[in-house]
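A.B. asks: Quick check, what structure comes out for this input:
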Amino acid sequence: MANAKKVIESVITKTELVLPNNTNHIGKLLGGQMMNWIDICATICAAKHSNKVCVTASVDRIDFHHSIDLGDAVSLVASVNRVFNTSMEIGVKVYGESLKDGTRTHTNTAYLTFVCVDNNGKPIKANEVIPETEDEKRRYIQALQRRDDRLKNRSKEN
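C.D. replies: Model (predicted):
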């Protein structure tokens, strides 16, 4: 595993402030804006892990647990859950924090698959990942199940 990296080496934290142009008519963060921030954070994580250009191949799911208000801070934490061959799963946890009262809430969870590509856009091998903590090992195992589910669903569609 010469090109292997520990999970911690590629963790990305991105923080945004929810401004009026990020909200809907009732002052809540737009879901599309959240998805954009999630994709950017996950893209940086994948590129940092692989030291290559990585493109979004799929978004398994984005769960919206709680809304985020105008004026809140949004922190996104992305990490590599598992690497397959040319692809990798990135998990993103999102937290909303009220700057008025200091409360911090886990608001969203997302799983995205990225593919490493060369300068011609052709898939290339991704660096392996080394899970160390119990949480990283759990996410590593669960990522394989999500991949199997994705592949099963893809074969049903064809």
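A.B. asks: only C-alpha atoms for contact and neighbour calcs from this point on.
C.D. replies: Fine.
A.B. asks: avg pLDDT for the longest helix along the chain?
C.D. replies: Secondary structure of the chain per DSSP state H: the longest helix is helix 134-157. Helix 134-157 comes out with an average pLDDT of 88.
A.B. asks: from the chain's centre, how far out does it sit?
C.D. replies: Centroid separation between helix 134-157 and its chain, computed with Cα atoms, centre = their mean, to the nearest Å, is 14 Å.
A.B. asks: Show residues contacting it.
C.D. replies: 7, 60, 81-82, 89, 131 (Cα atoms under 8 Å, 6 or more residues apart in numbering).
A.B. asks: List the buried residues for it?
C.D. replies: 136-137, 139-140, 143-144, 147 (16 or more other Cα atoms under 10 Å).
A.B. asks: Okay, helices next: where are they in the protein?
C.D. replies: Using DSSP H, helices in the chain cover 31-50, 134-157.
A.B. asks: mind putting the ones you listed in JSON lines, distance to residue 111 included?
C.D. replies: Converted to JSON lines, the helices of the chain look like this (distance: least, Cα to Cα, whole Å):
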{"stretch": "helix 31-50", "distance to residue 111": "9"}
{"stretch": "helix 134-157", "distance to residue 111": "9"}
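A.B. asks: who wins for proximity to residue 66 among these?
C.D. replies: Among those, the nearest to residue 66 by Cα to Cα is helix 31-50 (11.2 Å).
A.B. asks: other SSEs contacting that closest one?
C.D. replies: strand 12-17, strand 53-64, strand 73-83, strand 87-97, strand 104-117 (3 or more Cα pairs under 8 Å, 6 or more residues apart in numbering; DSSP states H and E).
A.B. asks: of all the helices of the chain, which lies closest to residue 77?
C.D. replies: For these, proximity to residue 77 was assessed by Cα to Cα; helix 31-50 is nearest, at 7.5 Å.
A.B. asks: Distance from the closest one to the middle of the chain?
C.D. replies: For helix 31-50, the distance to the chain centre is 6 Å (Cα atoms, centre = their mean).
A.B. asks: Okay, angle between it and strand 87-97 too, please.
C.D. replies: Between helix 31-50 and strand 87-97, the angle comes out at 130 degrees (axes from the mean of the first three to the mean of the last three Cα atoms, to 10 degrees).
A.B. asks: What ranges in the protein fall below the confidence cut-off?
C.D. replies: By pLDDT under 70, the weakly predicted segments of the chain are 1-2, 157-158.
A.B. asks: Compute the first-to-last residue distance for stretch 22-36.
C.D. replies: In stretch 22-36, first residue to last residue: 11 Å (Cα to Cα, to the nearest Å).
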